[in-house]
Each structure stands twice: as structure tokens, then as C-alpha cells.
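K.L.:
A predicted structure for the sequence below; I have some questions about it.
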Amino acid sequence: KQEVTQIPAALSVPEGENLVLNCSFTDSAIYNLQWFRQDPGKGLTSLLLIQSSQREQTSGRLNASLDKSSGRSTLYIAASQPGDSATYLCAVRNAGGTSYGKLTFGQGTILTVHP
Amino acid sequence: GAVVSQHPSWVICKSGTSVKIECRSLDFQATTMFWYRQFPKQSLMLMATSNEGSKATYEQGVEKDKFLINHASLTLSTLTVTSAHPEDSSFYICSAQKGTYTEAFFGQGTRLTVV
């Protein structure tokens, strides 16, 4: 059964810092990995999608990497801003097992960027 | 990115009544939609997979007769919580995809409170 773990569970940083969020998964049979942002009481906003054949994706101040063989992904946020404060979730699209074709989510990292 | 609209964003209902939640893909056709439930400070729990024109596939432990899902068109899926009880109070989120293994786009969620 696929398990996704995100570290740290919470992170508080001053504005302007560069930071890294970590995501690991136990089964490397995946189609892709997606990073999301969730604001309190809201739905999920897709940030980046990395296909299993790709190593990284970039969008603005965000960069996500994927090492499928070791079961790891990182989300790098450059020059953090208070508006980046949210919960960040990673999810893998399973390519095998009983969760075939479905997303398995991590528990999320709660990020707080203070001015 | 694609837009998924969920309605209503919040609803309060009395015990024993039914509530319908709509999930629409506004600018693309979604062959597959998913319904999730999220408890406070927890990640998303998949409830069911909805494919246009066919019956939904429910996850283990999810009551089919309580959570009725209909995916009558390529742009609309509905979740009906029947005979709602206070324990059904939760945050429900839908997602839609253009294809089976493509990027997932999420609605803004529905906060259901059963009194």
C-alpha cells in the first residue's frame, strides 16, 4: 500500500528565506507527482505536476524535483513571502496496487511566513 | 490551469435531510471525477471515483447508499449525502481530470454541517 510522508509537519520562517519541503513515497510505481497548496477552509490549488519520467518542474519561485527510484520529491520555494503561508500537500498518482490510478496524499506541511 | 467549481461552498442542514453538492468542470470535459472528505487538520480521504456514464466506484468503508454519486455529463458530478447525521459533518472536496492519469484540479470544497 502506497504511503506518502511529508516532512516537516510545520515550518515557520521569516520573510525572504528560501525553503525546502520534503515528500517521500514508499512505492515507486507512480505516473506522476503533484504539489498542491491549500488555504484554510479552501480547496486545493495545483502548483506543479511532475511526470514520472521528469526530474523537475519550475513555476515562478517554485521548483519541484522528483527522484522516483528513491521515492522522494522536494518543493523549493525561493524568497518566501507572507502570502505563501498555507498547507502544502504532495500527492502521487499510483501506477500499481489497489490504488491504481488514484492519488495518495501526504499529511501536508503547514507553512507560516512571518513578516 | 483548468477550473473546477463546487457548489455550495457551505451548507447547514438538519439531521435526516439530504444534501446535494455539485462539482463542475467549467472549461474542460472531465472523464473522471473524484470525491474526497477531509477532517480537521487531516489530509484528504478518497471516497469514490466517478466516471461519466457509469456507476461510481466507492472506497472501502464508504457507504454507497449514504453517499450517492452521479456523473451524468462530462462536466458535472454530484454527491448527495442522504439522511444526514451530525457525524457526516465534514469538508467535502471534488477533483476533475481531463484524462485518466493527467493533472488533477480541485474544487473549492463544501463545508457541510449537520445539526
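P.N.:
Nice, thanks for sending it over. In this text the structure is predicted, and so the values were computed from the model without any measurement.

K.L.:
How about the contacts made by residue B:109?
P.N.:
By CB atoms under 8 Å, 6 or more residues apart in numbering or on different chains, the contact set of residue B:109 is A:41-43, B:6, B:9, B:38, B:91-93. For the C-beta atoms, the positions are set from N, CA and C on the backbone; glycine is no exception.

K.L.:
so how far is residue A:38 from it?
P.N.:
Here the criterion is CB to CB, to the nearest Å. By it, residue B:109 lies 9 Å from residue A:38.

K.L.:
Over to residue A:5?
P.N.:
On the measure of CB to CB, residue A:5 and residue A:38 end up 17 Å apart.

K.L.:
again, but for residue B:61
P.N.:
24 Å.

K.L.:
okay, the two: which has more neighbours?
P.N.:
Between residue B:61 and residue A:38, residue A:38 has the larger neighbour count (other CB atoms under 10 Å in any protein chain shown), namely 21 against 7.

K.L.:
which ones are touching residue 106?
P.N.:
With no chain named, the answer covers chain A. Residues in contact with residue A:106 (CB under 8 Å, 6+ apart) are A:4-6, A:23, A:89-91, B:43.

K.L.:
Chain B, not that one
P.N.:
The neighbourhood of residue B:106, defined by CB under 8 Å, 6+ apart, consists of A:36, A:43-46, B:4, B:93-95.

K.L.:
For it, what are phi and psi?
P.N.:
Main-chain torsions, residue B:106, degrees, to the nearest 10: phi -110, psi 150.

K.L.:
Dig out what it forms beta bridges with.
P.N.:
With DSSP bridges applied, residue B:106 shows beta-bridge pairing to residue B:95.
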